[in-house]
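Participant: Take a look and give me a structure for this.
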Amino acid sequence: MSSKNLIQIKQFCIYHEIEDTFIAKLNNYGLVEIIVLEEEQYLQPEQLPAIEKMIRMHYDLKINLEGIDAIAHLLNKIEALQKDLTATQNKLRLFEQYQVD
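Facilitator: Residues are numbered from 1 along each chain as shown. Sure, this is the predicted structure:
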């Protein structure tokens, strides 16, 4: 895997003015995935919005890592339920169109 599209954790932490141990703790909770290449640690760009939310929750709202883990789990559950609801609504629309015709 190339580090071309990856974000170096050291640079990310400097930019956001946080400790790199925070990212390591998020990794321990399974909230982020750290990629190690040539002894350097990286994040995938797709993870950045979620990590930035977790940074705000922890540093601005003073939510501990256990709370962030619970919130992330609930948000993932809500997203899955919303997808299921959308799929069900689409099926219902198709069914209603079939009944009208």
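
Participant: Which positions within the longest helix along the chain qualify as buried?
Facilitator: Longest helix in the chain, counting residues (DSSP state H): helix 65-100. Neighbour counts over helix 65-100 (16 or more other Cβ atoms under 10 Å) mark Leu65, Ile68, Asp69, Ile71, Ala72 as buried. (Glycine included, C-beta is placed from N, CA and C.)

Participant: wait, what's in contact with the fourth one?
Facilitator: Contact partners of Ile71, counting by Cβ atoms under 8 Å, 6 or more residues apart in numbering, are Met57, Ile63.

Participant: oh, and call the first residue 57 from now on, that's how I've got it
Facilitator: Taking 57 as the first residue, the last one we looked at is Ile127.

Participant: Next up, the contacts around the residue positioned nearest the centre of the chain.
Facilitator: Centroid-nearest residue in the chain: Ala106, 3.5 Å away (criterion: Cα atoms, centre = their mean). With Cβ under 8 Å, 6+ apart as the criterion, the residues that contact Ala106 are Leu87, Val88, Ala128.
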